[in-house]
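# What follows is a predicted structure for the sequence shown.
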Amino acid sequence: MRLIIEFTVEKSEFPIEYRRFFMHFLKTCINDANEGKYFDKYYKKAQAKNFTFSIFFDGPIFNNNNIELSSNKVKMIFSTSEQLTGLIFYSSFLEKKSKKIKISHDNSMVIKNVTKIADPTINNNKILIKMNSPLLIRSHCEITNKDYYFSYLSDSFINEAERVIRFQLTREGFQSEFLEGFKIVPIKCRKVIIKHYDCMLEASLGNFMIVGNPAILKYLVMNGIGSRKSEGFGMAELLTDEV
């Protein structure tokens, strides 16, 4: 299920680490809906979540500490392959509609519309995608206990990206035969540095070609690709499956 949530902001600005705010927004929606019935399902402990989101600002100017907007309109696209998850969040967004949502001590926003949009259709084993939110590829070093991130410019990007995505797919129950021939190829990309939880993360935006079984391609497009998907990373838009 894919949803578009449209907001209006009281002041045409946003904190630079806006993903943290929208993560809190999602958590609050689930906590407040249905008397918190589904909160533990998604947020009781750290766990992989089968959803992703991307935020779209109108004419943003990125400064050191904030984002200036050319209008007071903000849009979120929320995506999941799980019908129940989609319905739970859809209901929780509707419950928040027209209610003031605090962004900071002097700014707030209101949900104006929540709209379902059609899921992408994938029939072939090769697709071209555009990253609507940065693609994060993370590797954790047990020795140093540190995380390292790879953009498409890194010599290790292909190997690390395929390792991360294969792990993602295996964790969700895809058997080895579904993973045969899987590839991700940067087509027209750019490196970006994202400030997130006071860390500077190297990531990639742009277009990628992905090759694989149509079932796993659909899963990736609907749930996000790579690392930290439920934190506003890895959301892909299908450009075509006729590559």
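Received the coordinates, thanks.

# Can you show me the helices along this structure?
With DSSP state H as the criterion, the chain has helices at 18-32, 39-43, 83-96, 157-171, 176-179, 214-223.

# Single out the most deeply packed of those.
Most buried of the helices of the chain, by mean neighbour count (mean count of other Cβ atoms under 10 Å): helix 214-223, with a mean of 21. Every residue, glycine included, has its C-beta placed from N, CA and C.

# so how far is K191 from the closest residue to N31 other than its chain neighbours?
Closest residue to N31 apart from its sequence neighbours, by Cβ to Cβ, 6 or more residues apart in numbering: F39 at 5.1 Å. As judged by Cβ to Cβ, to the nearest Å, F39 and K191 stand 37 Å apart.

# picking that back up, list just the one of the helices of the chain that sits closest to D119.
helix 214-223 (6.7 Å; Cβ to Cβ).

# between that closest one and helix 157-171, how many degrees?
100 degrees (axes from the mean of the first three to the mean of the last three Cα atoms, to 10 degrees).

# tell me which strands and helices helix 214-223 is in contact with?
strand 73-79, strand 126-135, helix 157-171, helix 176-179, strand 236-240 (3 or more Cβ pairs under 8 Å, 6 or more residues apart in numbering; DSSP states H and E).

# quick one, phi psi at the residue of the chain most remote from its centre?
Here the chain reaches farthest from its C-alpha mean at I143, the gap being 29.0 Å by Cα atoms, centre = their mean. Here is the backbone geometry of I143 (degrees, to the nearest 10): phi -70, psi -50.

# Give me the pLDDT for it.
Note for I143: predicted pLDDT of 88.

# ditto for N31
95.

# returning to that earlier point: including distance to M76, could the helices of the chain go into JSON lines?
Output for these, formatted as JSON lines (distance: least, Cβ to Cβ, whole Å):
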{"stretch": "helix 18-32", "distance to M76": "7"}
{"stretch": "helix 39-43", "distance to M76": "17"}
{"stretch": "helix 83-96", "distance to M76": "9"}
{"stretch": "helix 157-171", "distance to M76": "22"}
{"stretch": "helix 176-179", "distance to M76": "30"}
{"stretch": "helix 214-223", "distance to M76": "16"}
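
# I'd like to know which of these lies nearest to S204.
When those are compared (using Cβ to Cβ), the closest one is helix 157-171, at 7.8 Å.

# Off-centre distance for that closest one?
17 Å (Cα atoms, centre = their mean, to the nearest Å).

# packing partners for it?
strand 138-141, helix 176-179, strand 183-196, helix 214-223.

# List the contacts of the second one.
When contacts are defined by Cβ atoms under 8 Å, 6 or more residues apart in numbering, helix 176-179 is touched by residues R166, L169, T170, G212, N213, A215, I216.

# give me every residue that touches the last one.
Contact analysis of I216 by Cβ under 8 Å, 6+ apart lists L169, F174, F178, L179, F182.

# can you put those in TSV and add distance to I137 and pLDDT?
Conversion of these to TSV gives the following (distance: Cβ to Cβ, whole Å; pLDDT from 0 to 100):
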residue	distance to I137	pLDDT
L169	14	95
F174	19	93
F178	21	89
L179	17	93
F182	15	96
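
# Same list (the residues you listed) but as CSV, adding distance to V221.
As requested, those are arranged in CSV below (distance: Cβ to Cβ, whole Å):
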residue, distance to V221
L169, 13
F174, 14
F178, 15
L179, 16
F182, 14
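
# Need the max-distance pair from these.
Checking the contacts of I216 with Cβ to Cβ, the most distant pair is F174 and F182, at 9.8 Å.

# follow-up on the earlier one: could you dump the helices and strands packed on helix 157-171 to a markdown table with distance to R19?
Putting these into a markdown table (distance: least, Cβ to Cβ, whole Å) gives the following:
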| stretch | distance to R19 |
| --- | --- |
| strand 138-141 | 15 |
| helix 176-179 | 29 |
| strand 183-196 | 6 |
| helix 214-223 | 17 |
